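> Mind looking at a prediction? Sequence and model below.
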Amino acid sequence: ARSNLLRVHKAFTEATGLRLRSGCEPEMTWTGPGLEVHYKPGSSPSYHVDSLEVMRPIYQKVIRYATAFGLDMIEGDYEDPGQLELNWMFDDAELTADRLITYRQICRQVAREMGVTASFMAKPTVGAMGNGCHHNISLWRGDENILAEPGRTDLHITEQGKHALGGILAHSAGMMALMGPTVNSYKRYWDAGQFAPSQINWGMDNKTCTVRLSANGRLECKLPDASVNPYMSHAALIAAVKDGLDHAIDPGAPQSGSSY
């Protein structure tokens, strides 16, 4: 799978002059003694500083090991009971895929050392957010990100960007076989209202869509979950993007309001 991604990306660059860069958001669930959090019934522990503090010994060790392996750790948060997301800086697709594989092994090692469990299961609990692995992608010609117009500040996407997006949407149903690779993956899609995609669509900073224009120059594909093979998911995205560019595929109008 890794060699295939290298071949696919090289052929894509030779054909288009572009490189796909990505940043992943690996969510995962940590369980074990001392990791329980307390919150009001009917509310959520998401983004609470106190919930994050419970995880401090774990995420500090993960960050220390990841940094030693060359991952440029940039941010993280606590999103649902036991769910921790730690992110590193985006890069070429194959480097991001390598780093995700390394990150998973680091988390498993930290779990062994701490006597807890680290799970990359897509949907550990019904009614709580699943463990996604959103792929944030951009397309570069040298130092230029072709998804954004220089100097323009309003939320937008260029014509070439729309065609790339159109390719992703056109192939989303097929890519689910790679990006939702387990039976459990589909429990994440079907638990509506938990910020996993439920329709094939896109939106301007709309977290309920399959693809979200999260910022100028960046498309967030929300199909992949935490159990994804990143070499396969990135190869599929590159192929879908190329098809969109080759055939000027129209993504249609952005979703307005909730997809649910």
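Received it, and whenever you're ready, just let me know what you need.

> quick one: which helix or strand includes residue 98?
In this structure, residue 98 sits in helix 93-114 according to DSSP states H and E.

> Now that helix: buried residues?
By neighbour count with 16 or more other CB atoms under 10 Å, helix 93-114 contains the buried residues 93-94, 96-100, 102-104, 106-107, 110-111, 114. Just so you know, the C-beta spots here come from the backbone N, C-alpha and C atoms, and that holds for glycine as well.

> go on, stretch 19-35?
19-30, 35.

> can you check stretch 156-173 too?
Using 16+ other CB under 10 Å as the test for burial, stretch 156-173 gives 157-158, 160-172.

> Is it correct that residue 157 is in contact with residue 215?
No: using CB atoms under 8 Å as the test, residue 157 is too far from residue 215 to be in contact (10.5 Å).

> residue contacts, the residue lying closest to residue 115 once chain neighbours are set aside?
Distance criterion CB to CB, 6 or more residues apart in numbering; nearest residue to residue 115, sequence neighbours excluded, is residue 32 at 6.3 Å. By CB atoms under 8 Å, 6 or more residues apart in numbering, the contact list for residue 32 reads 111, 114, 115, 116, 117.

> of the residues you listed, closest to residue 207?
Comparing the contacts of residue 32 against residue 207 with CB to CB places residue 117 closest, at 27.9 Å.

> Let me know the pLDDT of the closest residue to the closest one other than its chain neighbours.
In space, residue 117 comes closest to residue 31 once its chain neighbours are excluded; the distance is 4.9 Å by CB to CB, 6+ apart. Note on residue 31: pLDDT of 95.

> backbone phi and psi for residue 31, please?
Phi and psi for residue 31, reported as degrees, to the nearest 10, are phi -130, psi 150.

> measure it to residue 115 for me?
Distance of residue 31 to residue 115, given as CB to CB, to the nearest Å: 11 Å.

> so residue 8 makes contact with residue 237?
No: counting by CB under 8 Å, residue 8 does not reach residue 237; the two are 9.7 Å apart.

> more crowded one of those two?
Taking other CB atoms under 10 Å, residue 8 and residue 237 do not tie; residue 237 has more neighbours (27 against 21).

> pretty sure the more buried one belongs to a helix, no?
Yes: checked against DSSP: H, G, I helix; E, B strand; the rest coil, residue 237 lies within a helix.

> Next, please give the residue ranges for the strands of the stretch 101-250 of the chain.
In the stretch 101-250 of the chain, the strands defined using DSSP state E, counting those that start in this stretch lie at 117-119, 133-141, 144-145, 202-204, 211-215, 218-221.

> Pipe the ones you listed into a markdown table and attach mean pLDDT, distance to residue 4 and mean neighbour count per row.
Output for the strands of the stretch 101-250 of the chain, formatted as a markdown table (pLDDT from 0 to 100; distance: least, CB to CB, whole Å; neighbours: other CB atoms under 10 Å):
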| stretch | mean pLDDT | distance to residue 4 | mean neighbour count |
| --- | --- | --- | --- |
| strand 117-119 | 96 | 27 | 18 |
| strand 133-141 | 98 | 17 | 22 |
| strand 144-145 | 98 | 25 | 15 |
| strand 202-204 | 97 | 27 | 20 |
| strand 211-215 | 97 | 23 | 21 |
| strand 218-221 | 98 | 19 | 22 |
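
> Can you add distance to residue 60 and give those back as CSV?
Formatted as CSV, the strands of the stretch 101-250 of the chain follow (distance: least, CB to CB, whole Å):
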stretch, distance to residue 60
strand 117-119, 15
strand 133-141, 22
strand 144-145, 33
strand 202-204, 36
strand 211-215, 27
strand 218-221, 27
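
> Residue 14 is nearest to which of these?
Of all the strands of the stretch 101-250 of the chain, strand 133-141 sits nearest to residue 14, with 13.2 Å by CB to CB.
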